[in-house]
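1. Any chance you can model this:
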Amino acid sequence: MECQEQEVVLEPNRKGHKKIADKSTWKRELEKSKQHMSKGLPFIPQCVHGNSKQGYKCNQLTVQDYSKFHSQ
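-> Numbers count the residues shown, from 1 in each chain. Below is the predicted model:
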């Protein structure tokens, strides 16, 4: 017996009947995302690295830098 090979051609324009669930609009998922979101911007910590020999540059960070770190 010979094995018959046929190519399956998918039609990109044809839509299926089953809807894809959009979980981002569900009430439960919205509550979960709110739970993990920050309440506000963080406070600016005070640098306790007294000497500059350690190589930390905490004093050079601006408020914009802190907000960028926090938003990522």
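
2. which other helices and strands contact the helix or strand containing residue 64?
-> In the assignment (DSSP states H and E), residue 64 maps to helix 63-71. Contacts defined by 3 or more CB pairs under 8 Å, 6 or more residues apart in numbering; DSSP states H and E place helix 63-71 against no helix or strand at all. (C-beta placed from N, C-alpha, C; glycine too.)

3. in this protein, what spans have low per-residue confidence?
-> Scanning the chain for pLDDT under 70 picks out 1-3, 10-11, 14-17, 50-53, 72.

4. Break down it into its helices, ranges please.
-> Here the chain has its helices, by DSSP state H, at 27-36, 63-71.

5. before we move on, the earlier item: can you list contacts of the helix holding residue 64?
-> 38, 41-42, 44 (CB atoms under 8 Å, 6 or more residues apart in numbering).

6. In CSV: the helices of the chain, plus distance to residue 5 and mean neighbour count.
-> Listed next are the helices of the chain as CSV, based on distance: least, CB to CB, whole Å; neighbours: other CB atoms under 10 Å:
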stretch, distance to residue 5, mean neighbour count
helix 27-36, 44, 9
helix 63-71, 53, 11
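
7. Of all those helices, which one comes closest to residue 57?
-> Taking CB to CB, helix 63-71 is the member of the helices of the chain nearest to residue 57, at 10.6 Å.

8. How far away from the center of its chain is that closest one?
-> Distance of helix 63-71 from its chain centroid, counting by CA atoms, centre = their mean, to the nearest Å, is 16 Å.

9. export it as CSV, just CAs?
-> The C-alpha coordinates for helix 63-71 follow below in CSV (Å, rounded to 0.1, in the frame of the first residue of the first chain):
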residue,chain,number,x,y,z
VAL,A,63,13.0,61.7,40.6
GLN,A,64,12.4,60.8,37.0
ASP,A,65,14.9,57.9,37.3
TYR,A,66,13.0,56.5,40.3
SER,A,67,9.6,56.8,38.5
LYS,A,68,11.1,55.0,35.5
PHE,A,69,12.3,52.1,37.7
HIS,A,70,9.0,52.0,39.4
SER,A,71,7.0,51.9,36.2
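
10. Sweet, I'm off.
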